[in-house]
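In: here you go, sequence then predicted model.
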Amino acid sequence: MLEIRNLAFSAENEADKVDIIRNIDLNIPDGRFVVITGPNGGGKSTLAKLIAGIVKPTEGNIFLDGKDITDLTITERANAGIGFAFQQPVRFKGLTVLDLLRIAKGKNLSVSDACQFLSEVGLCAKDYIHREVNASLSGGELKRIEIATVLARDVRLAVFDEPEAGIDLWSFQNLIRIFENMRKSMENRTIIVISHQERILNIADEIIVLADGAVTKQGPRDEVLPAIAEAHFATDICQKLA
Amino acid sequence: MSKLDAVQLQLLREVADLHEIPEGAYNLRSNGESAGRRSTEHIEIVSKSEGSGIDIHIKAGTKNESVHIPVVLSESGLKETVYNDFYIGEDCDVLIVAGCGIDNCGKQDSQHDGIHRFFVGRNSHIRYVEKHYGSGNGEGKRILNPVTEIYMDENSSAELEMVQIKGVDSTKRTTTAQLKENAKLIVRERLMTHGVQTSESIYRVELNGDGSSADVVSRSVARDNSYQKLDACIVGNAACSGHTECDSIIMDNGRILAVPSLEANSVDAALVHEAAIGKIAGDQLIKLMTLGLTEAEAEEQIIGGFLK
């Protein structure tokens, strides 16, 4: 169970203080597939980073299985079973895909086992396993490798920040199949996905709508989805900017 | 090899990956003296008449053979300059492994300056691996000032792997190359300095023949209070192509001066240079920490990969 209590995050600049996350309360039971959606700039990615420990809250607490993890470092949260897939994966000069998967697994990973993770994300393993995770890889390839690192960790709470972005040459169906396999392989595994995509919303157990740093809707997919089906978050933001 | 003590054997492992007598030709120099030598049917190693080094003659047509010429110094205060000349005949394909390890536990400086000249015959390919390593906790410095000169005939190619990762207090590395028609030179340098070490690495590659090419890439890490200067110049005197790149990570109070430069003396010379210096990106550390590494472990992985 992931519990979020009165969680707030604000960023300060010279002029003023901007509230990014405004005193959120959430309960996410084990084994759920939860999609967090909402307009751009609503605080979704920040909330994901708060859960992974990449960003520290200005107020509030986060509990995993009843244990307060608010003050745990990124490393300690990773070792507590939290996995995080970046929206914009990081490049490394010199580290290969195999190096990264071995770090993710945390122990000696055979080449054939590493290849399995790559195959799962639709990459031809022999073409990629010894490639450097550098600028020679396309955004879509990096994104799939990023997902593979989370698969290799086999975590009990996986957070994916917009996993569908940039996977244009790879079908959504494959991404959805990955999530389904993750659920099958560990019954109590919780998966949190930040996404705008209807096809990902369609497979959620629960949907949370985050707007302007606050939860505006939360509930089972069948209740929340019809209410937001007509909303076009990105368009709203574009209109506001215009 | 039997003459070597444990420290010398450790140095040998670091610089030449040698655990026992290598196959093929070799010359081992230890504390200023020859500690073993073997010539083969195709590779002859002879002492220079004045005793200042060795000549290595590789017969035309020699393929898939290797020469190891490691040097180890474990006596404090020893300073030497050694001249080694490699004469590589036509149509060869050989591996040459050099390198120097210094262990200095004393108060006096230890210094080895290896001057290596390579005359690469037509259509020949060499791979040259040079590793430098220092150890020991004495006050005396460990100093290495290698000079590498390469003269490349038509259609020859050379791959140079120059590595200095640990323990050398002061180094000035000078590498020059002259390439004739269609000769090809690839250099991969990896350097790491720490403590108060200083390192200067200078390349001057002259592309004299049409169709010649050079790719000189240096990756380096400067930690603690160390200083590095990387000065890589490619000179295009013909219809040639050249690329030089200095890519560096600085940490702590490390300092780096990168000076990649190009000199085009022919309108058909196509030359490119790049240089980048920066600290380890924060998001790289964060990514590896989300995979369960501590910040220090993440840093080591990033540097290890960068210098691999």
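Out: Cool, got the structure. Every value quoted in this text rests on a predicted model; they were computed, and no experiment measured them.
In: state the distance from B:Asn208 to B:Cys92.
Out: 21 Å (Cβ to Cβ, to the nearest Å). In this view, the C-beta of every residue, glycine as well, is placed from N, C-alpha and C.
In: how about B:Thr148?
Out: Counting by Cβ to Cβ, the gap from B:Thr148 to B:Cys92 is 18 Å.
In: what residue ranges in chain A are flagged as low confidence?
Out: Along chain A, the parts satisfying pLDDT under 70 run over A:168-170, A:230-242.
In: flag every residue of it that's near chain B.
Out: Taking Cβ under 8 Å from any Cβ of the partner chain as the measure of proximity, chain A contacts chain B at A:52, A:54, A:73-75, A:78-79, A:82-84, A:86, A:89-90, A:92-96, A:99-100, A:103-104, A:106, A:149, A:153.
In: could you list the buried residues of the host helix or strand of A:Lys184?
Out: Per DSSP states H and E, A:Lys184 falls inside helix A:172-185. For helix A:172-185, a neighbour-count test (16 or more other Cβ atoms under 10 Å in any protein chain shown) marks A:Leu175, A:Ile176, A:Ile178, A:Phe179, A:Met182, A:Arg183 as buried.
In: contacts for that helix next, please.
Out: The contact list for helix A:172-185 (Cβ atoms under 8 Å, 6 or more residues apart in numbering or on different chains) reads A:31, A:33, A:120-122, A:147, A:151, A:154, A:158, A:163-164, A:167, A:189, A:191, A:193, A:197, A:199-200, A:203.
In: quick check on those: which are buried?
Out: Burial by neighbour count, judged by 16+ other Cβ under 10 Å, picks out A:33, A:120-122, A:147, A:151, A:154, A:158, A:163-164, A:167, A:189, A:191, A:193, A:197, A:200 from the contacts of helix A:172-185.
In: okay, which residue is most central for chain A?
Out: Averaging the C-alpha coordinates of chain A gives a centre point, and the residue nearest to it by Cα atoms, centre = their mean is A:Phe160 (1.6 Å).
In: hang on, isn't that residue packed against A:Ile191?
Out: Yes. The pair A:Phe160 / A:Ile191 is scored as a contact, 7.3 Å apart, by Cβ atoms under 8 Å.
In: and the closest residue to B:Lys287 other than its chain neighbours, what does it touch?
Out: Closest residue to B:Lys287 in three dimensions, ignoring its sequence neighbours and counting by Cβ to Cβ, 6 or more residues apart in numbering or on different chains: A:Val90, at 4.3 Å. Contact analysis of A:Val90 by Cβ under 8 Å, 6+ apart lists A:Val133, B:Ala281, B:Asp283, B:Gln284, B:Ile286, B:Lys287.
In: so A:Val90, which of the three states?
Out: Following DSSP: H, G, I helix; E, B strand; the rest coil, A:Val90 is assigned to coil.
In: same check on B:Gln8?
Out: Here B:Gln8 is helix, with the state taken from three-state DSSP.
In: then the one 3 residues further on?
Out: Of the three states, B:Leu11 takes helix under three-state DSSP.
In: which parts of the stretch 1-150 of chain B are strands?
Out: For the stretch 1-150 of chain B, the strands identified by DSSP state E, counting those that start in this stretch occupy B:25-30, B:33-38, B:43-47, B:53-58, B:63-68, B:71-73, B:79-88, B:93-103, B:110-120, B:125-135, B:142-144, B:147-152, in order along the chain.
In: ugh, typo on my part, it should be chain A
Out: A:2-12, A:17-28, A:33-37, A:59-64, A:67-68, A:82-85, A:157-161, A:190-194, A:206-211, A:214-220 (DSSP state E).
In: circling back: dump the contacts of A:Val90 into JSON lines; add distance to A:Thr58 and neighbour count as well.
Out: What follows is those, written out as JSON lines (distance: Cβ to Cβ, whole Å; neighbours: other Cβ atoms under 10 Å in any protein chain shown):
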{"residue": "A:Val133", "distance to A:Thr58": "33", "neighbour count": "27"}
{"residue": "B:Ala281", "distance to A:Thr58": "25", "neighbour count": "14"}
{"residue": "B:Asp283", "distance to A:Thr58": "22", "neighbour count": "14"}
{"residue": "B:Gln284", "distance to A:Thr58": "26", "neighbour count": "20"}
{"residue": "B:Ile286", "distance to A:Thr58": "19", "neighbour count": "20"}
{"residue": "B:Lys287", "distance to A:Thr58": "24", "neighbour count": "27"}
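In: contacts only, for the residue of the stretch 51-200 of chain B found nearest chain A.
Out: Chain A sits closest to B:Arg190 of the stretch 51-200 of chain B, with a gap of 9.9 Å, by Cβ to the nearest Cβ. With contact set as Cβ under 8 Å, 6+ apart, B:Arg190 has these partners: B:Glu161, B:Met162, B:Val163, B:Gln164, B:Ile165, B:Ser218, B:Arg219, B:Ser220, B:Leu307.
In: please report how far it lies from B:Glu161.
Out: Computed with Cβ to Cβ, the distance linking B:Arg190 and B:Glu161 is 8 Å.
In: and the two most separated of the buried ones among the contacts of helix A:172-185?
Out: The most widely separated members of the buried ones among the contacts of helix A:172-185 are A:Asp154 and A:Gln197, with 24.8 Å between them, by Cβ to Cβ.
In: can you show me the CA trace of stretch B:197-212 as CSV?
Out: What follows is stretch B:197-212, C-alpha atoms only, in CSV (Å, rounded to 0.1, in the frame of the first residue of the first chain):
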residue,chain,number,x,y,z
GLN,B,197,48.9,15.0,-10.4
THR,B,198,49.6,16.9,-13.6
SER,B,199,49.3,15.5,-17.1
GLU,B,200,50.1,17.0,-20.4
SER,B,201,49.1,15.2,-23.6
ILE,B,202,50.3,16.5,-26.9
TYR,B,203,49.4,15.2,-30.4
ARG,B,204,50.6,16.4,-33.7
VAL,B,205,49.4,14.3,-36.6
GLU,B,206,50.5,15.3,-40.1
LEU,B,207,48.4,14.0,-43.0
ASN,B,208,50.8,14.3,-45.9
GLY,B,209,49.4,11.9,-48.5
ASP,B,210,46.1,12.0,-50.4
GLY,B,211,43.5,9.7,-48.9
SER,B,212,45.2,9.6,-45.5
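In: spatially, which residue comes closest to B:Lys180, not counting chain neighbours?
Out: B:Gly209 (4.0 Å).
In: in a strand, that neighbour, correct?
Out: No. Membership of B:Gly209 in a strand is not supported by three-state DSSP, which gives coil.
In: can I assume it is in contact with B:Asn155?
Out: No. Applying Cβ under 8 Å as the test, B:Gly209 and B:Asn155 come out as separate, 9.5 Å apart.
In: give me the common contacts of the two.
Out: Common neighbours of B:Gly209 and B:Asn155, counting by Cβ under 8 Å, 6+ apart, are B:Glu181, B:Asn182, B:Ala183.
In: distance of the second one from A:Ile103?
Out: In this case it means B:Asn182. Going from B:Asn182 to A:Ile103 by Cβ to Cβ gives 43 Å.
In: could you do the last one as well?
Out: Spatial separation of B:Ala183 from A:Ile103 under the definition Cβ to Cβ is 41 Å.
In: now do the same contact list for A:Leu210.
Out: Neighbour list for A:Leu210: A:Ile24, A:Ile36, A:Thr37, A:Gly38, A:Gly42, A:Gly43, A:Lys44, A:Leu47, A:Thr216 [criterion: Cβ under 8 Å, 6+ apart].
In: count the residues that sit near the fourth one.
Out: The one in question is A:Gly38. Residues contacting A:Gly38 under the criterion other Cβ atoms under 10 Å in any protein chain shown number 25.
In: and if you look at the third one?
Out: When counting by other Cβ under 10 Å, one arrives at 26 neighbours for A:Thr37.
In: list the residues that contact the closest residue to A:Leu137 other than its chain neighbours.
Out: With sequence-adjacent residues excluded and distances taken as Cβ to Cβ, 6+ apart, A:Leu137 is closest to A:Arg131, at 6.7 Å. With contact set as Cβ under 8 Å, 6+ apart, A:Arg131 has these partners: A:Thr96, A:Val97, A:Leu137.
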